[in-house]
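> Output the structure for:
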Amino acid sequence: MLDTDALIIGAGPYGVATAHALHARGLRPFVVGEPFALWHRHTLDGMRLRSDPRMSSIGPFDFQDWLRRRGLPWGAHERIRVEHFRDYLHEVVDGLPFPLHSGRVDHLARVAEGDESAPPGARFVATTDDGTTVAARSVVIATGSGTHTHVPSSLRHLPPDRLLHSWDVERIQVLDDARVLVVGAGQSAAETVETLAPGNRVTWVLRHPVLFFREPLRAPTPIFKLLLAVSPALYKVPRTLRRALQSAFFRTTVTPDLRAVYQRGDVVKLFADADDLALRLDGDGRGDRGAIHCGLDERHYDAVVAATGFRYSLAGLPFLDSALARELGALDAVPPLDDDFQTPVAGVYLAGGIAEGAFGPAQRFLLGSRYASQRIAGAIAAG
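Purely as a prediction, here's the structure:
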């Protein structure tokens, strides 16, 4: 049984930054996950970063410095190609002063009372997919978005081989000469349409016309940066003020460089809610049984891509032991967090998008990892 001060579940920016902050304090983190899987496996090839290079560094690894060293110019309004960011992430992994255990955690539970096999002080025990057992004094759950994908209820009856989420990049990129229905009005929907349109017949379903903004929130860059800077305090302001801010700025947007995709003449646009599509599996009279019939436009489709975002809850953390999950709270919710990202179960912390409800929108972006990692590491070191 391995022994660690802190088990970090997730090897993305929040997990790696937290582990680095713990290591800098003389503690021993143990990180389990697939390093930076979001960019390596779940971002479409040829896309560009949404985040500003000045706000895209992982821990102490300065991304701007990396760009300068590689001779890759960038300006205030340029988006960095994901291929370049992937190269930067490889350098981050190579430069870490602690190992990453590639894989996943299959089970996390409290150390059973009287378990003499656990090291002194260990409160939690985890088992990974390769059978490794890890005992830890604290646990940081920073697993990202992948297990929290949201699909509207009106689409869930479709066969798994016909229904994709924008997270399923590898499946999206192999679609060819297919009739595809893309549902969503945000950045991932626009990028999916851009990828698929050249070789497929695409219909784009949007609840409302696209809002084009450089930043992910509906706000000019200075206001966006201010919102991120005050993000940890944002959810502590009076609810009426918070709702007013959300109404003003927290709308799904698409970067202006994708305006040409929105204006493509060969992409059919339907302005409707997913519930209005009336999809059913059907034949289309041409012998290709199993086509998806759309009652709204009376067309048939081979695949549906739900670019409909993520909904965070404990149900998206399937590795939790049932008893530990009950201590944390309801499966369809996220437990409350204290000022150090700690859950009601002492020693268990949540970081990343799952913490947005307590710490504001910065937790959805790379920038938020710095604040979260320092708060969590400080609390674990002090505890």
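> by contact count, what packs against the longest helix seen in the chain?
Longest helix of the chain, by residue count under DSSP state H: helix 368-382. If you count contacts as 3 or more Cβ pairs under 8 Å, 6 or more residues apart in numbering; DSSP states H and E, helix 368-382 packs onto helix 13-24, strand 133-141, helix 231-234, strand 348-350, helix 356-359. All C-beta atoms are positioned from the backbone trio N, CA, C, and that covers glycine.
> residues making contact with it?
Residues from elsewhere that reach helix 368-382, judged by Cβ atoms under 8 Å, 6 or more residues apart in numbering: 5-6, 13-14, 17-18, 20-22, 24-27, 57-59, 137-138, 140, 228, 231-232, 339-342, 349, 351-352, 355, 359, 362-363.
> which residues touch the residue positioned nearest the centre of the chain?
Nearest residue to the geometric centre of the chain (Cα atoms, centre = their mean): Ser145, 3.3 Å. Residues in contact with Ser145, defined by Cβ under 8 Å, 6+ apart, are Leu38, Trp167, Phe310, Tyr312, Gly352, Gly353.
> Could you rerun that using 6 Å?
Contacts of Ser145 were listed using Cβ atoms under 6 Å, 6 or more residues apart in numbering, and they are Phe310, Gly353.
> Ok, Val202 next?
Taking Cβ under 6 Å, 6+ apart as the criterion, Val202 is in contact with Val180, Val193, Leu196, Val267.
> Check the gap between it and Gln374 for me.
43 Å (Cβ to Cβ, to the nearest Å).
> now the strands: where do they sit in the stretch 151-300 of the chain?
Taking DSSP state E, counting those that start in this stretch, the strands of the stretch 151-300 of the chain run over residues 163-165, 179-183, 201-206, 268-271, 279-282, 291-294, 300-301.
> would JSON lines of those with distance to Glu113 be doable?
What follows is the strands of the stretch 151-300 of the chain, written out as JSON lines (distance: least, Cβ to Cβ, whole Å):
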{"stretch": "strand 163-165", "distance to Glu113": "41"}
{"stretch": "strand 179-183", "distance to Glu113": "49"}
{"stretch": "strand 201-206", "distance to Glu113": "53"}
{"stretch": "strand 268-271", "distance to Glu113": "58"}
{"stretch": "strand 279-282", "distance to Glu113": "51"}
{"stretch": "strand 291-294", "distance to Glu113": "53"}
{"stretch": "strand 300-301", "distance to Glu113": "55"}
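> which one of those has the lowest average pLDDT?
Across these, the stretch with the lowest average pLDDT is strand 279-282; it has a mean of 90.
> what does that strand rub up against?
Ala291, Ile292, His293, Cys294.
> and which of those residues is nearest to Asp87?
For the contacts of strand 279-282, the minimum distance to Asp87 (Cβ to Cβ) is 38.7 Å, reached by Ile292.
> Count the neighbours of the closest one for me.
Burial of Ile292, expressed as a neighbour count using other Cβ atoms under 10 Å, amounts to 23.
> Look up the closest residue to it, ignoring the ones flanking it.
Once its chain neighbours are removed from consideration, Ile292 has its nearest residue in Tyr301; the separation is 4.5 Å (Cβ to Cβ, 6 or more residues apart in numbering).
> Buried subset of the contacts of Val202 as a PyMOL selection?
Buried members of those can be picked out in PyMOL with the line below, counting by 16 or more other Cβ atoms under 10 Å:
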select buried, resi 180+193+196+267
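> Out of the helices and strands packed on helix 368-382, the one nearest Leu241 is which?
Distances from Leu241 to each of the helices and strands packed on helix 368-382 were compared by Cβ to Cβ, and the smallest falls on helix 231-234, at 9.3 Å.
> Sort out which residues of the closest one are buried, please.
For helix 231-234, a neighbour-count test (16+ other Cβ under 10 Å) marks Ser231, Pro232, Leu234 as buried.
> Settle this for me: the second one is touching Phe359, isn't it.
Meaning Pro232. Yes - between Pro232 and Phe359 a contact is recorded at 5.1 Å, counting by Cβ atoms under 6 Å.
> Residue ranges in the chain under the pLDDT threshold?
Confidence mapping of the chain against pLDDT under 70 gives the ranges 75-77, 283-289.
> OK, contacts around Pro361?
Taking Cβ under 6 Å, 6+ apart, we find Pro361 in contact with Ser231.
> quick one, phi/psi of it?
phi -70, psi -20 (degrees, to the nearest 10).
> Output stretch 90-102 as PDB, restricted to C-alpha atoms.
Taking only C-alpha atoms (Å, rounded to 0.1, in the frame of the first residue of the first chain), the coordinates of stretch 90-102 have been written out as PDB:
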ATOM      1  CA  HIS A  90       4.300  17.800 -22.700                       C
ATOM      2  CA  GLU A  91       7.100  20.000 -21.400                       C
ATOM      3  CA  VAL A  92       5.100  20.700 -18.200                       C
ATOM      4  CA  VAL A  93       4.800  16.900 -17.600                       C
ATOM      5  CA  ASP A  94       8.500  16.400 -18.300                       C
ATOM      6  CA  GLY A  95       9.400  19.100 -15.800                       C
ATOM      7  CA  LEU A  96       7.300  18.000 -12.900                       C
ATOM      8  CA  PRO A  97       9.300  17.200  -9.700                       C
ATOM      9  CA  PHE A  98       6.900  14.400  -8.800                       C
ATOM     10  CA  PRO A  99       5.500  11.400 -10.800                       C
ATOM     11  CA  LEU A 100       2.100  11.100 -12.400                       C
ATOM     12  CA  HIS A 101       0.400   7.800 -12.100                       C
ATOM     13  CA  SER A 102      -1.300   7.400 -15.500                       C
END
